[in-house]
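Participant: Next comes the sequence, and after it the predicted model I'd like to discuss.
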Amino acid sequence: MKQSTLFKAWKKPGAAKRRSSSKARDQLTKRIQSSLTSKSTSQSTSTNATSQSSVPSVKSEGRSRPVKRGQRTVFDLCIDGGRKLKCEQRGQGVKRSASSESTSAGKRQEDLVLLSDDDDAQLMSVADQLEQAGPPLEAVENPTENGFDPAAGESWIYPTNLPIRDYQYAIVEKALFHNTLVSLPTGLGKTLIAAVVMYNYYRWFPEGKVIFMAPTKPLVAQQIQSCSAIMGLSPDHCAEMTGSMLPKRRAVEWREKRVFFLTPQVLVNDLVNRLVDSSLIRLVVVDEAHKATGNHAYCQVLNELKAQTSPDLQFRTLALSATPGSDNTAIQQVVDNLLITRVEARSEAELAHFQRDRQLTVHVVKLEGPILEIRQTFLDKVLSPLIGKLRSVGAMWSKSPDTVSTFDLLKCRDQFRANPRKPTFYKGSVEGDFATAISLYHAWQQLNDHGLRSMYAYLQGIVNGDSGSNSTRNELKYNGPFLDIMNTLQEMFGEKGNISLNTSGLMPTQHTPGRPSNQGSARVSLAGQQPPPPFVYSHPKLMKLEEIVVDHFSKCEDAANTRVMIFSSFRDSVNEICALLRRHRPLIHPMSFIGQGGAGVEQDAAGGGGGAGRGRKGGQGLSQKHQKMVVGKFRAGRFNVLVCTCVGEEGLDIGEVDLIVNFDQPGSIIRLVQRMGRTGRKRAGHVHVLLTQGKEETKFKKVQQSCNSMTKSLQSLKGISLCAYNPSVLPRGVRPSPLKMFIQPAAAAAAA
């Protein structure tokens, strides 16, 4: 009996909104009787062990007069075999509670459901209670179905070796029996929740497979250590699997191991190639679940599991994310793709007493000096004529050139392709103009948010053929105002326009200490060597950044143990910041921390460009092995400032960070929350946000408002529809009881 089927039969079109309690009770009784009889007869046929007398009967008791506001009617739905559902219908309010009592026939479960006759749908909860409850534990005919261990299934274990927090305990209690999306602020114990749920499914299903998925290999390695430390999972039963492991070896691991930590790409490949028996998978944990949109590997895994295990879907999903989505549409995608039937969300305000104080300071800087002059020239003589050209052929709507974004250009280009307003022979010319405009507006964003040096390095890549399209490069070669601006920037920043530093971040280039910067921090000068040339501040943000970081280290009482993280979306900006801060050694030891891709720009994470931000050919990032090395050196104190692109925003355990500086404003709520969540975990922290006056400032305010509305949407589920089907992974009627006990971590157990 499924609730949806019963509901459709009960809620007929045109049904009256209010019914008397007698009529509602009688119709509900008949439907439950019919469903239970049909179900019991089916079971009797399959087992050949049930007689006609064992078919449950349902009867109703109580008064039958209509319910008026302030009054109530009590009636019972009784089922032979000791089960009884008591329904209390009131003229106002709906409440539910459960209790149990003993009878001469043994234990009897009694559920009390308070119903309102204002909505017929409330009566469906009665049938739902009966369906979900199932027979008592003693009446389970096949307690070992799906490999379930009935002895272990009498309880679920919660560890006492770590402080017990009420919100974590409550979430675990729900996540064990529902496909749950858990949204907690960064650093408040999502991994513990996952470890406890994994441990109990590991106990309950001795032959089953428990899977933890994370988006990157370093994060996978980190999570296997964390979960083992929390719940003492046996190393003999755990496996960390990567794409570098040969398929034959992975097939052996799937047969011999029980708990798996891997990336989703590995799992989807092994499911498709049948290296893993999908019918044995009992739990799938999805870390950084906000990525489960579109055709991400997370979505492919769930789609393959559904295809191979339908219709029963005998596996539980647990999704973890500090920010499941930037809006309701994104959150709904995550809910649908991961089969979520329950959301457990807590706001920072609710959990404030579990967090250290985190102060937020916003700095709005105004463009002035050379950057303002070059900006105006670039706008008037390069961008405006190009936008005017697109308008003249009807490919661009009327909009001030200084407010156009790459998103606007991409949208106009799509509209032009769908409905060109000029003859066909114009199409190639317009496509070329769009490509040039997209590239130049990406440079415009770099100028406004990051500075002239980042802009120059990006444009130089286009001119040299390292990035961008051939049509864009040919167009710019004959653009006089553009070439004048490039010559001016070349005089400011040197022949190549970039900075002498090792972009890998593993071995910082040895710079000769020179004269102090504007902040006057002391440095030791090496005899016989020329000081470096004065640093050219390509954006006012750099002066404010230098002031904040130098002030932090100068005033910190424990300067040897304090750590700082600086975030910027583009690698050229990261390199520039590192070069600036290296001038303050030995007080400050910065290190760049970038992604492993060959692109010169962290374009996908930055969310802009639409193809204009492709990196320079031959650019090298950090491999995941080197990323782990960088994080280890930062935690050990070899470096005290980590300058990151988006790779430092999520997942990896960076350690305690006292100061966060956002050099730019990410367009995503997810990225902003993850950046800020890097501090204020075990000790107080401070977050500084640097914004350029104008568009970036406005974007930050919108993101803050969206963040507040996202939290409210998650908690109220307004505008979000949960999946209707929640698979019963445990045998029907099994209700494990909570058991708190001390769990010895795996490392300690092995040492003993």
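Facilitator: Right, received. Where do you want to start? These numbers were taken from a predicted model, which means no experiment stands behind them.

Participant: What's the local residue count around the residue lying closest to Y426 once chain neighbours are set aside?
Facilitator: Beyond its immediate neighbours in the sequence, the residue positioned closest to Y426 (Cβ to Cβ, 6 or more residues apart in numbering) is V393, lying 6.1 Å away. C-beta: built from backbone N, CA, C; applies to glycine. For V393, the neighbour count with other Cβ atoms under 10 Å is 16.

Participant: Need phi/psi at V393.
Facilitator: Dihedral angles phi and psi of V393 (degrees, to the nearest 10) take the values phi -100, psi 10.

Participant: That one contacts G432, doesn't it?
Facilitator: No: proximity of V393 to G432 does not meet the contact threshold set by Cβ atoms under 8 Å, at 11.9 Å.

Participant: Overlap of the contact sets of these two?
Facilitator: Shared contacts of V393 and G432 (Cβ atoms under 8 Å, 6 or more residues apart in numbering): none.

Participant: Okay, helices next: where are they in the stretch 251-400 of the chain?
Facilitator: 264-272, 297-309, 328-337, 370-378, 384-392 (DSSP state H, counting those that start in this stretch).

Participant: got it, and the stretch 501-650 of the chain?
Facilitator: When secondary structure is read from DSSP H, counting those that start in this stretch, the stretch 501-650 of the chain shows helices at 540-555, 571-582, 603-606, 624-636.

Participant: Highest mean neighbour count out of those?
Facilitator: Each of those was assessed for mean neighbour count using mean count of other Cβ atoms under 10 Å. The highest is helix 571-582, with a mean of 25.

Participant: any idea of the mean pLDDT in that helix?
Facilitator: Average pLDDT, helix 571-582: 93.

Participant: Could I have the CA atoms of that helix written out in PDB?
Facilitator: Coordinates of the C-alpha atoms in helix 571-582 are reproduced here as PDB (Å, rounded to 0.1, in the frame of the first residue of the first chain):
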ATOM      1  CA  ARG A 571      46.000  33.000 -10.800                       C
ATOM      2  CA  ASP A 572      47.600  36.200 -12.100                       C
ATOM      3  CA  SER A 573      46.100  38.000  -9.100                       C
ATOM      4  CA  VAL A 574      47.400  35.300  -6.800                       C
ATOM      5  CA  ASN A 575      50.900  35.700  -8.200                       C
ATOM      6  CA  GLU A 576      50.800  39.400  -7.800                       C
ATOM      7  CA  ILE A 577      49.700  39.200  -4.100                       C
ATOM      8  CA  CYS A 578      52.500  36.700  -3.400                       C
ATOM      9  CA  ALA A 579      55.000  39.000  -4.900                       C
ATOM     10  CA  LEU A 580      53.800  41.900  -2.800                       C
ATOM     11  CA  LEU A 581      53.800  40.000   0.500                       C
ATOM     12  CA  ARG A 582      57.200  38.500  -0.100                       C
END
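
Participant: quick one, it and helix 540-555 angle?
Facilitator: 40 degrees (axes from the mean of the first three to the mean of the last three Cα atoms, to 10 degrees).

Participant: how distant is helix 571-582 from the center of its chain?
Facilitator: Per Cα atoms, centre = their mean, to the nearest Å, the displacement of helix 571-582 from the mean C-alpha position of its chain is 28 Å.

Participant: helices or strands up against that helix?
Facilitator: With contacts defined as 3 or more Cβ pairs under 8 Å, 6 or more residues apart in numbering; DSSP states H and E, the secondary structure elements packing on helix 571-582 are helix 452-463, helix 540-555, strand 590-593, strand 641-644.

Participant: Listing partners with orientation, what would you give for the third one?
Facilitator: What that stands for is strand 590-593. Strand 590-593 has the following strand partners under DSSP bridges: strand 641-644 (parallel).

Participant: Show residues contacting the partner strand.
Facilitator: By Cβ under 8 Å, 6+ apart, the residues outside strand 641-644 that reach it are 549, 563-568, 574, 577-578, 581, 588-594, 630, 634, 648, 654.

Participant: same thing but at 7 Å, please
Facilitator: By Cβ atoms under 7 Å, 6 or more residues apart in numbering, the surrounding residues in contact with strand 641-644 are 549, 564-567, 574, 577-578, 581, 588-593, 634, 648.

Participant: residue ranges with poor pLDDT in the stretch 601-750 of the chain?
Facilitator: Applying pLDDT under 70 to the stretch 601-750 of the chain picks out residues 601-620, 651, 681-682, 746-750.

Participant: mind listing what V631 touches?
Facilitator: Going by Cβ under 7 Å, 6+ apart, V631 touches 652, 654.

Participant: go on, I211?
Facilitator: I211 makes contact with 260, 267, 281, 283-285, according to Cβ under 7 Å, 6+ apart.

Participant: where's it, which helix or strand?
Facilitator: strand 209-213 (DSSP states H and E).

Participant: As PDB, could you dump the C-alpha coordinates of that strand?
Facilitator: Included here for strand 209-213 are C-alpha records, laid out as PDB according to Å, rounded to 0.1, in the frame of the first residue of the first chain:
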ATOM      1  CA  LYS A 209      28.900  -2.000   0.900                       C
ATOM      2  CA  VAL A 210      29.100   1.500   2.500                       C
ATOM      3  CA  ILE A 211      30.400   4.300   0.200                       C
ATOM      4  CA  PHE A 212      31.700   7.800   0.900                       C
ATOM      5  CA  MET A 213      32.200  10.000  -2.200                       C
END
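
Participant: tilt between the helix or strand following it and strand 209-213?
Facilitator: If you walk from strand 209-213 toward the C-terminus, the next helix or strand you reach (DSSP H and E) is helix 217-231. Angle, helix 217-231 to strand 209-213, by the same axes, to 10 degrees: 130 degrees.

Participant: those strands in the stretch 401-550 of the chain, which residues are they?
Facilitator: Taking DSSP state E, counting those that start in this stretch as the test, none of the stretch 401-550 of the chain falls into strands.

Participant: That concludes my questions; thank you for your assistance.
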